[in-house]
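J.: Prediction below, plus the sequence it came from.
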Amino acid sequence: MAIEYAQLRAEALHQSARALAAVGQTDLALKKYFEALQLDFTRAVTHYNIGLIYKYRRQWTESFRFNKRAVELAPDDEAANWNLGIAATALCDWKTARAVWHRLGLPIEGGDQPIFADFGWTPVRLNPERDGELVWSRRIDPVRAQLLSIPFPDSGFRFGDVVLHDGAPVGARMLEGAERPVFNVLELNIASGYDTYEVDLQVSAQKDLAAFEEICHELGVEMEDWTTSLRAICKQSSEGHLHDAHSHVPAAQWENRHRLGLACPDEIRARRALARWENPVRSVVQFSLALSAPSPVRTW
């Protein structure tokens with residue numbers, strides 16, 4: 001009877017903690033969860049929920065510990081396995097991460113080396129707790145992706161950054177007729193060596209932008225037209241299912257001023273591209289460094 005009462009009491013504490021976590025009172029929720037574990041330490045779901053709170057706090061050592069215990073108690077729990085894999089990746093525990101992905105049936109072999117595979121293109125949501133800018137990326141493992149768009153500078157992210165993202169998709173976008181899941185970014189994993197520059201150009205026609213894009217390609221400068229790209233959309237829409245047609249703002253008339261983002265490792269290269277492009281009928285109105293790469297840059 002004493003054991004049964006302890007289990008019932010632990011369940012009541014667990015449900016109380018869930019309710020507190022749902023309204024953002026995570027400190028109180030953790031207190032209740034820990035009390036539940038004192039009564040019944042074998043509750044896998046309680047270990048998982050504690051690990052979940054620590055995941056969203058980016059406290060990876062604690063998230064790893066509680067999700068690992070949840071998996072030990074319930075090896076087939078898919079959510080606990082995913083969160084263990086995320087925490088292991090954040091901590092660069094590649095042996096554990098690889099073992100988790102292999103257990104989940106993903107095409108990842110065992111070992112202790114970082115994962116650099118190709119899981120295809122997917123959109124990711126930067127700073128999901130704020131404006132939630134959507135950018136395109138290439139997934140290099142089940143929970144990491146390298147940014148292939150040039151994010152707006154106030155996002156704090158850069159072209160080429162490798163980000164750690166959540167495991168559960170929230171919304172989807174269409175690319176070339178195929179639906180691609182949207183993942184929320186948890187944090188920066190590896191910073192790129194690319195600076196972000198902001199440019200205002202005076203142009204008369206689309207051919208002027210096409211010419212600049214060709215020059216940038218030749219010089220190894222990434223370019224994105226922020227005037228026509230629509231990546232910062234409302235949270236409700238971004239968590240739904242959008243199609244290719246929503247990727248750009250419909251142009252009712254031609255805009256002579258275009259705000260562009262450039263990404264490259266050094267300013268000289270960006271200025272060289274602008275100098276080659278500018279002529280008497282097209283001009284650079286403004287050029288500035290918007291976001292610099294960190295120093296030193298973490299290597300692969």
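T.: Right, received. Where do you want to start?

J.: which stretches of the chain form strands?
T.: 121-126, 133-141, 144-147, 162-165, 172-175, 178-181, 183-190, 195-202, 222-225, 241-242, 257-264, 283-291 (DSSP state E).

J.: I'd like those strands written out as TSV, with distance to F41, mean pLDDT and mean neighbour count added.
T.: The C-beta positions use only the backbone N, C-alpha and C, and glycine is treated the same way. Converted to TSV, these look like this (distance: least, Cβ to Cβ, whole Å; pLDDT from 0 to 100; neighbours: other Cβ atoms under 10 Å):
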stretch	distance to F41	mean pLDDT	mean neighbour count
strand 121-126	36	96	22
strand 133-141	32	95	21
strand 144-147	33	98	24
strand 162-165	30	98	22
strand 172-175	39	87	18
strand 178-181	36	90	13
strand 183-190	28	97	20
strand 195-202	49	97	20
strand 222-225	52	96	20
strand 241-242	42	47	16
strand 257-264	50	96	21
strand 283-291	47	96	14
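
J.: Redo those strands as CSV? Include distance to I86.
T.: Conversion of those to CSV gives the following (distance: least, Cβ to Cβ, whole Å):
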stretch, distance to I86
strand 121-126, 14
strand 133-141, 11
strand 144-147, 10
strand 162-165, 7
strand 172-175, 20
strand 178-181, 15
strand 183-190, 7
strand 195-202, 27
strand 222-225, 28
strand 241-242, 24
strand 257-264, 27
strand 283-291, 26
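
J.: Quick one, which of those strands gets closest to H14.
T.: When these are ranked by distance to H14, counting by Cβ to Cβ, first place goes to strand 183-190 at 25.0 Å.

J.: ok so, going back, could you point out which of the strands of the chain sits nearest S16?
T.: Ranking the strands of the chain by their distance to S16 (criterion: Cβ to Cβ) puts strand 183-190 first, at 27.1 Å.

J.: Does anything pack onto the closest one? Which helices or strands?
T.: Helices and strands touching strand 183-190, by 3 or more Cβ pairs under 8 Å, 6 or more residues apart in numbering; DSSP states H and E, are helix 78-90, strand 121-126, strand 162-165.

J.: from the chain's centre, how far out does it sit?
T.: Taking the mean of its C-alpha atoms, strand 183-190 sits 4 Å from the chain's own mean (Cα atoms, centre = their mean, to the nearest Å).

J.: How about stretch 259-269?
T.: Its chain's C-alpha centre lies 22 Å from the corresponding centre of stretch 259-269 when counted by Cα atoms, centre = their mean.

J.: how long is it end to end?
T.: 19 Å (Cα to Cα, to the nearest Å).

J.: Which residues does it contact?
T.: With Cβ atoms under 8 Å, 6 or more residues apart in numbering as the contact definition, stretch 259-269 has outside contacts at 150-153, 158-160, 193-201, 212, 216, 219-227, 270, 273, 289-290, 293.

J.: ok so, going back, okay, the helices and strands packed on strand 183-190 in a markdown table with distance to Q15 next?
T.: Rendered in a markdown table, the data for the helices and strands packed on strand 183-190 read as follows (distance: least, Cβ to Cβ, whole Å):
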| stretch | distance to Q15 |
| --- | --- |
| helix 78-90 | 18 |
| strand 121-126 | 30 |
| strand 162-165 | 30 |
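
J.: so which of the strands of the chain comes closest to V23?
T.: V23 lies closest to strand 183-190 among the strands of the chain, at 20.1 Å (Cβ to Cβ).

J.: Okay, now the sheet partners of that closest one, with direction.
T.: Sheet neighbours of strand 183-190, with direction, are listed as strand 121-126 (parallel), strand 162-165 (antiparallel) (DSSP bridges).

J.: the inter-axis angle of it versus strand 133-141?
T.: For strand 183-190 against strand 133-141, the angle by axes from the mean of the first three to the mean of the last three Cα atoms, to 10 degrees is 70 degrees.

J.: just checking, A87 touches K55?
T.: Yes. The pair A87 and K55 passes the contact test of Cβ atoms under 8 Å, sitting 6.6 Å apart.

J.: and for these two, which residues touch both?
T.: Listed contacts common to A87 and K55 are S63, N67; contacts here mean Cβ under 8 Å, 6+ apart.

J.: Give me the more crowded residue out of these two.
T.: The neighbour comparison of A87 against K55 (other Cβ atoms under 10 Å) goes to A87, with 29 against 24.
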